[in-house]
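Participant: this is a predicted model, with the sequence first.
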Amino acid sequence: MAPLLLFLFFAYAVPFFGVARWSVTLPEPGVGQYQALVLDPLVQSVFLRTFRICLFVTIAAVAAAYLIAFVLVRGTPLQRLAVEFCVLVPFWISVLTRAFGWVALLSNRGLLNSWGQQLGILSEPLALVRNEFGVVVGMTHFLIPFAVFPLASAMRNLDERVLLAAQGLGASRSRIFWSIFVPMTLPGIIGAALIVFVFALGFFVTPAILGGGRSVMVAELVYLRIFQSPDWGLGSAISVTLVVLVGVLMAALWRFIRPRELAG
Amino acid sequence: MTHYRPGPVILLLAALVAVFLLLPLLAVVPVSFTPARFLSMPTGNWSLRHYATLVSDPRWLDAILLSIRIGVVSSTVSTLLALGFCLGLWMFQPRFAAVLVGFAILPMVVPPVVSAVTLYFLLTSLSNVSGSIGYDSWLGTALAHSVMTMPFAVVLILVSLAQVDRRIDLAARGLGATVWQRAAQIIVPNIRFGILTAWLLSFVLSWEEIGVTLFVTSVNAITLPRLMWMGLRDNIDPAIAALSVVLIALTVLVLAIRAVYRWRTASPEA
């Protein structure tokens, strides 16, 4: 037991404080980097863009995952198997392969644009990638499986008898869905949304490839500040800020999961 | 058993989402068989040259071998450390166990980019001690990967330990077994499947790891994802498509085997 804690302490905790120290000592001691972080319009715009993208991605991924989870929990065995396959295959495949697939589909000379032009639907290629649209599509695709698992577990815990009672009292299918099923799985929806949002905040690979350097998100900004225009102080200050932000969100997540476990 | 089945509207929408999930994976397939040297769309001419590149070009082969080596070392390290940690937790049930677990799974929760900066700091500091375990070395990369995969190993081993019957350990203790005997002869054999799963998951995670790898390597330690990344950033190399198809086929195969296995072992009501 002790070796892991020591290993993690020296290989993870200590260097993190090193990074935190960079954030207040480079290039000069003080909180200058944190001031820059709040005042610099570039950093501000990157943070704003990150929040905007994360918001879109969260809504899209949770809505899509809700449908998938619904079929996964309540479908016929064959439907379940098909849906499980569609979720697990992308889940196990590397981020890079998936990003590459989107590039092959969406780029100017990609499958969608060339087919559209051949069929005469498009007169000129649509800009689908190397912009925010591409980033949102790629990230939503990546995060759907992560939202499916908590949603499916929330739906499994739902008491079957409530649905039977509603049916017995003559509620229509859509009425059952909107006034019973969705409200009763709300904690699951909020939990899934928080998980997706937290994951999306620190996203790096997909935005870097599908954003093509134009719609830079926070994580890519850290990379650029450390490697391309060496400003380790700012890069570390952003990292520390991200950790604090995620910590706050995780604390919120804890709040939402606890009551559900008590009720279940 | 369930009376409330998804209706046609939900099924249709879910099918659209399912197509969306599979779309980028399917898109890779035709691209991988194109004959051109740059990324191009299928025109009716097919070729296997990108697959040939994978086995003939030393760059790809080296990267594959390096990824396997780093994966084996890092997953072994992380599984062994996680095993020790979990055994200690289970056998001695220390106070503040929840806090300790929380600390151990930290790298899983912290945004990957922050872990990446942290490990970059670690490895550049280690470079001052010795170049062979520092920045841009394969051992350093393996070290960074084991930090990142350890939380997953810890979670998996804890889950399988939770299913072990405490009474068998009590019996061994009553019969005078030492702590080491209990750990090695009683508990470990009972969770061997969990340990194997932890090792495999760590290996897969290390094999795919790119976020941290980008921060801790530059020109020497080029793992497979790192090489793919370079091919994606600069000019898109269609060999990536061929590699992707191979990886997708492997994944589908493993999942299919698992599905068949579960179908056979599952009780008939499923």
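Facilitator: Sure thing, it's come through. Residues are numbered from 1 along each chain as shown, chains lettered A, B, ... in the order given.

Participant: any regions of the stretch 101-250 of chain B where pLDDT drops low?
Facilitator: Scanning the stretch 101-250 of chain B for pLDDT under 70 picks out B:131, B:234-235.

Participant: for it, which segments count as helices?
Facilitator: With DSSP state H, counting those that start in this stretch as the criterion, the stretch 101-250 of chain B has helices at B:106-109, B:112-129, B:138-161, B:166-174, B:179-181, B:188-190, B:192-208, B:211-216, B:224-233, B:239-265.

Participant: can you put those in CSV and add distance to chain A?
Facilitator: (C-beta placed from N, C-alpha, C; glycine too.) What follows is the helices of the stretch 101-250 of chain B, written out as CSV (distance: least, CB to the nearest CB, whole Å):
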stretch, distance to chain A
helix B:106-109, 6
helix B:112-129, 4
helix B:138-161, 5
helix B:166-174, 16
helix B:179-181, 12
helix B:188-190, 14
helix B:192-208, 4
helix B:211-216, 5
helix B:224-233, 5
helix B:239-265, 4
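
Participant: now these as a markdown table including mean neighbour count?
Facilitator: Listed next are the helices of the stretch 101-250 of chain B as a markdown table, based on neighbours: other CB atoms under 10 Å in any protein chain shown:
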| stretch | mean neighbour count |
| --- | --- |
| helix B:106-109 | 18 |
| helix B:112-129 | 22 |
| helix B:138-161 | 24 |
| helix B:166-174 | 13 |
| helix B:179-181 | 11 |
| helix B:188-190 | 13 |
| helix B:192-208 | 19 |
| helix B:211-216 | 24 |
| helix B:224-233 | 21 |
| helix B:239-265 | 16 |
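
Participant: nearest to residue B:51 among these would be which one?
Facilitator: For residue B:51, the closest of these is helix B:239-265, at 4.7 Å, according to CB to CB.

Participant: longest helix anywhere in the chain?
Facilitator: If you meant another chain, say so; for now it's chain A. helix A:41-74 (DSSP state H).

Participant: nope, chain B please
Facilitator: Using DSSP H, we find that the single longest helix of chain B is helix B:58-92.

Participant: counting by contacts, list what that helix packs against.
Facilitator: With contacts taken as 3 or more CB pairs under 8 Å, 6 or more residues apart in numbering or on different chains; DSSP states H and E, helix B:58-92 sits against helix A:2-8, helix B:49-56, helix B:97-104, helix B:138-161, helix B:192-208, helix B:224-233.

Participant: how about the ones you listed, which one is nearest residue B:112?
Facilitator: Proximity to residue B:112 (CB to CB) singles out helix B:138-161 among the helices and strands packed on helix B:58-92, at 7.9 Å.

Participant: how close does the nearest residue to residue B:225 once chain neighbours are set aside get to residue B:229?
Facilitator: Nearest non-adjacent residue to residue B:225, counting by CB to CB, 6 or more residues apart in numbering or on different chains: residue B:210, 4.1 Å away. Distance from residue B:210 to residue B:229, counting by CB to CB, to the nearest Å: 6 Å.

Participant: now list whatever residues contact both of the two.
Facilitator: Residues touching both residue B:210 and residue B:229 (CB atoms under 8 Å, 6 or more residues apart in numbering or on different chains): A:96, A:205.

Participant: tell me which residues are up against stretch A:58-72.
Facilitator: Here stretch A:58-72 makes contact (CB under 8 Å, 6+ apart) with A:79-80, A:83-84, A:86-87, A:136, A:139-140, A:143-148, A:151-152, A:155, A:189, A:192-193, A:196-197, A:200, B:6, B:10-11, B:13-14, B:17-18, B:20.

Participant: apply 7 Å and report the result again.
Facilitator: The contact list for stretch A:58-72 (CB atoms under 7 Å, 6 or more residues apart in numbering or on different chains) reads A:79-80, A:83-84, A:87, A:140, A:143-144, A:147-148, A:151-152, A:155, A:189, A:192-193, A:196-197, A:200, B:6, B:10-11, B:13-14, B:17.

Participant: now swap in stretch A:242-253 and tell me
Facilitator: With CB under 7 Å, 6+ apart as the test, stretch A:242-253 has contacts from A:191, A:194, A:197-198, A:201-202, A:218, B:109-111, B:114.

Participant: then stretch A:91-106?
Facilitator: A:90, A:110-112, A:128-129, A:134, A:137-138, A:141-142, A:145, A:205-206, A:209-210, B:23-25, B:27-28, B:31, B:208, B:210, B:225, B:228-229, B:232, B:236, B:240-241, B:244, B:247-248, B:251.

Participant: and it, how far out from the chain's middle?
Facilitator: Relative to its parent chain, stretch A:91-106 has a centroid offset of 16 Å by CA atoms, centre = their mean, to the nearest Å.

Participant: buried residues, it. List them.
Facilitator: A:91-106 (16 or more other CB atoms under 10 Å in any protein chain shown).

Participant: can you name the two of those that sit furthest apart?
Facilitator: Pairwise distances across these (CB to CB) peak at 22.6 Å, for the pair A:92 and A:106.

Participant: where does the stretch 101-250 of chain B get nearest to chain A, residue-wise?
Facilitator: Residue of the stretch 101-250 of chain B nearest chain A, by CB to the nearest CB: residue B:111 (2.5 Å).

Participant: now the residue nearest the centre of chain B: closest residue in space that isn't a chain neighbour?
Facilitator: Using CA atoms, centre = their mean, the residue of chain B that lies closest to the mean C-alpha position is residue B:205, 1.8 Å off. The spatial neighbour of residue B:205 that comes closest, neighbours along the chain excluded (CB to CB, 6+ apart), is residue B:149 at 4.7 Å.

Participant: could you pull up the residues touching that neighbour?
Facilitator: So residue B:149 contacts B:74-75, B:78, B:202, B:205-206 (CB under 7 Å, 6+ apart).

Participant: ok, it to residue A:207 distance?
Facilitator: Counting by CB to CB, the gap between residue B:149 and residue A:207 amounts to 23 Å.

Participant: now swap in residue B:219 and tell me
Facilitator: The gap separating residue B:219 from residue A:207 is 24 Å, by CB to CB.

Participant: which one's more surrounded, the two?
Facilitator: Ranked by neighbour count (other CB atoms under 10 Å in any protein chain shown), residue B:219 and residue A:207 place residue A:207 first, with 28 against 6.

Participant: run through the residues that contact the more buried one.
Facilitator: Contact partners of residue A:207, counting by CB under 7 Å, 6+ apart, are A:135, A:215, A:217, A:220.

Participant: ok, back up a step: tally up the residues packed near the residue of the stretch 101-250 of chain B closest to chain A, please.
Facilitator: Residue crowding around residue B:111 was assessed by other CB under 10 Å; the count is 24.

Participant: OK, contacts around it?
Facilitator: A:201-202, A:219, A:242, A:246.
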